[in-house]
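What would the 3D arrangement of this be:
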Amino acid sequence: MSILLIPIAPLSRTKSRLRDCFSTEQLKELTIAMFKDLGNILTKVNCFDEKIVYCNTSKILELANDYDLVGIKETISTPPKSFDNVIEDLNNIAIKKYKATQTVFSFLDLILITANNFYEIFSLLSKNQLVICPAIHSAGISILGRNPPDIISSYFSDPNIPSLLALFNNASKNDIDKIAIYDSFRAGFDIDIKQDLVLAFEYLKVFNLTHTNVYKFLKRNLRLSFKKRNQINNRSFEIIERE
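Residues are numbered from 1 along each chain as shown. Below is the predicted model of the structure:
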């Protein structure tokens, strides 16, 4: 059984790093927009035996039904669990309840991802122990596939090094060598900080995704854009208020 797993933070805590860009209600609206867009994509993905959404928020779980996704309610603890512990809980549900032999973790904010990306990851996982899509703007991980699902822990909450490097270090220690790196801009681009929002707005136009809910949200609410600091260096820019 190959299971796609999508953990989603409660709407009350969603995208906290963007609170200087949007209000709490706007962040909830953005999250719902991302979920609807992902749901539309996943209706075209039939390679997984189950596609599971794991969230504490009833609104998200209700929407999951509209896209033929299995919704499982996360139990919130106090203090909140680390992200790795949330990942482990969901992974264990997939193993124990759904008899998973392979799991793929994907995340809500991969706004450029395509159905074809999921098919390619699924194909790679059948031949490898790990499939990893590095995040574009950090040494992080945007998609993690494990075959079998308990072959290694995740390291999203490592206090010292980024998740991609932590995973590779521990894979080496555990003699895991069948690792596929899925090199994809569209599957590796996520929204995490202010800069990502500005890039997202432009990339959605570049990839002809102006029909998406996320694009429409950003067009209504984003008041930021880029400006080069000088004419020579494309890497040096500042974020300014959009006219």
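
And for Ser2, nearest residue in space, chain neighbours not counted?
Gln102 (4.4 Å; Cβ to Cβ, 6 or more residues apart in numbering). Glycine gets a C-beta too; all of them are placed from N, C-alpha and C.

The one you found reaches Cys47, doesn't it?
No: applying Cβ atoms under 8 Å as the test, Gln102 and Cys47 come out as separate, 10.7 Å apart.

who touches both of those two?
Ser2 (Cβ atoms under 8 Å, 6 or more residues apart in numbering).

who's more crowded, these two?
Between Gln102 and Cys47, counting by other Cβ atoms under 10 Å, Gln102 is the more crowded of the two (22 against 17).

what residues are up against the more buried one?
Applying Cβ under 8 Å, 6+ apart, the residues near Gln102 are Met1, Ser2, Ile3, Leu125, Ser126, Gly145, Arg146, Asn147, Pro148, Pro149.

Might one say that the second one is in contact with Cys47?
Yes: between Ser2 and Cys47 a contact is recorded at 7.2 Å, counting by Cβ under 8 Å.

which residues are in contact with both of the two?
In contact with both Ser2 and Cys47: Phe122, using Cβ under 8 Å, 6+ apart.

Could you export the contacts of Gln102 as JSON lines, including secondary structure, distance to Asn56 and pLDDT?
Formatted as JSON lines, the contacts of Gln102 follow (DSSP: H, G, I helix; E, B strand; the rest coil; distance: Cβ to Cβ, whole Å; pLDDT from 0 to 100):
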{"residue": "Met1", "secondary structure": "coil", "distance to Asn56": "25", "pLDDT": "93"}
{"residue": "Ser2", "secondary structure": "strand", "distance to Asn56": "25", "pLDDT": "97"}
{"residue": "Ile3", "secondary structure": "strand", "distance to Asn56": "20", "pLDDT": "98"}
{"residue": "Leu125", "secondary structure": "helix", "distance to Asn56": "28", "pLDDT": "97"}
{"residue": "Ser126", "secondary structure": "coil", "distance to Asn56": "32", "pLDDT": "94"}
{"residue": "Gly145", "secondary structure": "strand", "distance to Asn56": "25", "pLDDT": "98"}
{"residue": "Arg146", "secondary structure": "strand", "distance to Asn56": "24", "pLDDT": "98"}
{"residue": "Asn147", "secondary structure": "coil", "distance to Asn56": "28", "pLDDT": "97"}
{"residue": "Pro148", "secondary structure": "coil", "distance to Asn56": "27", "pLDDT": "97"}
{"residue": "Pro149", "secondary structure": "coil", "distance to Asn56": "22", "pLDDT": "97"}
